[in-house]
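[1] no sequence on this one, just coordinates:
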């Protein structure tokens, strides 16, 4: 398992955060997903052999949010 954090632009309420978490948790290979809408940080735990980071990013963008990987 791997964990990665993203900065997400456009999440303005808990409803948006909960919707994103639900969509991510429905994806094969995703173990856990958590969105803090106040900070705009999205954390995901996933199995890299089952799902690529690029696939996760594309899914977030398809939901209408801009995202980038947080470093450090």
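    Yep, that arrived. Everything quoted here is computed from the prediction, not taken from an experiment.
[2] could you pull out the strands for the protein?
    Counting by DSSP state E, the chain has strands at residues 2-9, 30-36, 41-46, 66-69.
[3] The shortest one: partners in the sheet, and parallel or antiparallel?
    Think strand 66-69. strand 2-9 (antiparallel) (DSSP bridges).
[4] quick one, longest helix in the chain?
    Ranked by residue count and defined by DSSP state H, the top helix of the chain is helix 14-25.
[5] Can you list the buried residues in stretch 8-18?
    Using 16 or more other C-beta atoms under 10 Å as the test for burial, stretch 8-18 gives 8, 11, 16-17. Backbone N, C-alpha and C define where each C-beta goes, glycine included.
[6] coming back round to it: quick one: which of the strands of the chain is nearest residue 58?
    strand 66-69 (9.7 Å; C-beta to C-beta).
[7] what is the mean pLDDT for the closest one?
    On average, the pLDDT along strand 66-69 is 92.
[8] Next, the buried residues of that strand.
    Buried residues in strand 66-69 (16+ other C-beta under 10 Å): residue 67.
[9] what does stretch 27-39 give?
    In stretch 27-39, counting by 16+ other C-beta under 10 Å, buried: 30, 33, 35, 37.
[10] Thank you, goodbye.
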